[in-house]
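Colleague: This is the structure alone, sequence omitted:
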């Protein structure tokens, strides 16, 4: 099951009658999502416990975004993205092992490539999530695969490109599906939207405590696992 955890690291109808808040630009703050993992049918019976308590956080600061994926108690993946040059640093913690990857804008583009050309169409349905009325949409990737997203037009991200999966979405996603290239499905549902300023130190890159790897070295490690 460690391999499953490691592999996780890396719209036609409109609703004008829905009440929405004046749009708020997310330049500072944090959104917390609970994460539900749908395991393959052949997964061990006790595997579900491995992902219990999983959650995903997105934090914003001018010119910076930070995402933290906590998969149960064993895996923690952090990515700090500098929107000025589209570079990023990923911090990966797997049990007692800690790795740091520096990603150029080209590396980031490669990781986001599967979402190039994503399109959205609104469909019938709405939900209230984390206090916001959300519209339902179907996203479609260039390979033909689709996913469901609930988004609020009341929020938008000040930083472009923080998540290529939602390029072109007319609002901010508060619930969505994500499927890994190995077919593992996750559902992200926002539980809190916080708009208070965050300390700048939250976006600092650690200068010790991590073994630095190149993206190529990390891919090689994953293949051997």
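Modeller: Looks like it arrived, so ask away. Quick caveat, the model's predicted, so the values are computed rather than measured.

Colleague: In this structure residue 25 contacts residue 172, no?
Modeller: No - Residue 25 lies out of contact with residue 172 (C-beta atoms under 8 Å); the separation is 10.0 Å. (Each C-beta comes from the backbone N, C-alpha and C, glycine too.)

Colleague: Give me the common contacts of these two.
Modeller: Common contact partners of residue 25 and residue 172 (C-beta atoms under 8 Å, 6 or more residues apart in numbering): 156-157.

Colleague: Neighbour count for the two, which is higher?
Modeller: Set side by side, residue 25 and residue 172 give different neighbour counts by other C-beta atoms under 10 Å, the larger being at residue 172 (23 against 13).

Colleague: Show me what the lengthiest helix in the chain is packed up against.
Modeller: Ranked by residue count and defined by DSSP state H, the top helix of the chain is helix 215-224. The contact analysis (3 or more C-beta pairs under 8 Å, 6 or more residues apart in numbering; DSSP states H and E) places helix 215-224 against strand 97-103.

Colleague: and the strand it packs on, which strands flank it?
Modeller: strand 87-94 (antiparallel), strand 211-213 (parallel) (DSSP bridges).

Colleague: Report the angle between that strand and helix 215-224.
Modeller: Going by axes from the mean of the first three to the mean of the last three C-alpha atoms, to 10 degrees, strand 97-103 is angled at 130 degrees with respect to helix 215-224.

Colleague: Strand 97-103: which residues count as buried?
Modeller: 99-101, 103 (16 or more other C-beta atoms under 10 Å).

Colleague: Name the next helix or strand downstream of it, please.
Modeller: Per DSSP states H and E, the first helix or strand lying C-terminal to strand 97-103 is helix 105-112.
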